[in-house]
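Asker: Sequence first, predicted model second:
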Amino acid sequence: MSPRGRQATVHHPLFARCYARLATAMEAQGAADLRDELLQDTTGRVLEVGAGSGANFAHYPRGVDQVVAVEPEAYLRELAEQAAARAPVPVTVVDGLAEQLPVADGSVDTAVLSLVLCSVPDQAAALAEVHRVLRPGGRLHFWEHVRSERPRHARIQGVLDATVWPRLGGGCHAARDTASAIEAAGFGVERMRRFPFPERGLTPTRPQILGVAIRP
C-alpha cells in the first residue's frame with residue numbers, strides 16, 4: 001500500500017496556543033523526565049504521531065536515524081518545525097492524520113504516541129494505522145492519560161467527556177481505556193506502568209500510562 005494523504009482538516013487555534021504553553025509548563029513538573037523515559041531505546045526510523053509543538057524532539061537519543069513527525073494542526077505544526085531545527089536527530093515534520101498516516105506499510109522501526117490517543121476521533125483506526133506502518137517486530141512507545149480505576153473518578157471523567165471536555169481540550173477524552181485499545185489493535189504490551197501525573201491537583205487527565213508494545 002502506498003503512503004496515504006490527508007482527507008480532513010484539524011483546526012483548533014485557541015486550544016493549540018494553550019496547549020503549546022501547557023507543554024512548556026509541564027516540563028518543569030516532570031514531563032521532561034517522562035519524555036526521556038518514553039523515548040529511551042527508540043531506534044531506526046521513527047514515526048511520531050501527533051507531534052504537537054515538538055516537545056519530544058529534544059529528548060530523542062542520538063541512535064535514532066530519522067524521525068517523521070505527523071501533526072495535523074497548522075499552528076502546532078509550525079512550532080514543531082521550529083523545534084525540529086534544534087533537535088539532536090534528523091526530524092521531518094509533515095501534515096497528516098492519525099487515521100490516515102502518510103507513510104508506507106512496514107516502513108518504520110519505532111512508533112511514538114504521546115498524549116494523542118485521547119483526542120483522535122477514532123482510536124481503533126489510529127492504532128490500526130500504526131500497526132500497518134510498523135515493521136513486524138517494531139515497537140510502539142506510548143504515553144497517554146487513561147480512564148481512572150476509581151469508580152467515582154471514572155464517572156466524573158465520563159460526564160466530562162459527554163459534555164464540555166472535548167470542546168475545551170481540542171477533542172480530548174478523559175475516560176478512554178487506551179491500554180486495552182492498544183492490545184485490541186494487535187500489539188503485545190512488553191512493559192507498562194500506571195502513575196498519577198501531575199502528582200498534585202485535581203485533573204481528569206489522571207492516571208497516565210507509559211510503556212512499550214510490540215507489533216508481532
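Answerer: Good, I have the coordinates.
Asker: Take the top strand by length along the chain, keep the C-alpha atoms, and write them as PDB.
Answerer: If you go by DSSP state E, the chain has its longest strand at strand 134-145. Written as PDB, here are the backbone C-alpha positions of strand 134-145 (Å, rounded to 0.1, in the frame of the first residue of the first chain):
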ATOM      1  CA  LEU A 134       5.400  -0.600  11.700                       C
ATOM      2  CA  ARG A 135       7.500  -3.400  10.500                       C
ATOM      3  CA  PRO A 136       7.000  -6.800  12.200                       C
ATOM      4  CA  GLY A 137       8.800  -6.700  15.500                       C
ATOM      5  CA  GLY A 138       8.600  -2.900  15.500                       C
ATOM      6  CA  ARG A 139       8.000  -1.200  18.800                       C
ATOM      7  CA  LEU A 140       5.300   1.200  19.900                       C
ATOM      8  CA  HIS A 141       6.300   3.600  22.600                       C
ATOM      9  CA  PHE A 142       3.300   5.200  24.300                       C
ATOM     10  CA  TRP A 143       2.500   7.800  27.000                       C
ATOM     11  CA  GLU A 144      -1.200   8.500  27.500                       C
ATOM     12  CA  HIS A 145      -3.800   9.500  30.100                       C
END
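Asker: What angle do strand 134-145 and the helix or strand just after it make with each other?
Answerer: Counting by DSSP states H and E, the next helix or strand C-terminal to strand 134-145 is helix 151-162. Here the directions of helix 151-162 and strand 134-145 differ by 110 degrees (axes from the mean of the first three to the mean of the last three CA atoms, to 10 degrees).
Asker: Which elements pack onto the very next helix or strand once past helix 151-162?
Answerer: For helix 151-162, the succeeding helix or strand toward the C-terminus, using DSSP H and E, is helix 165-168. The contact analysis (3 or more CB pairs under 8 Å, 6 or more residues apart in numbering; DSSP states H and E) places helix 165-168 against no helix or strand. Yep, even glycine has a C-beta here, placed from its N, CA and C like the rest.
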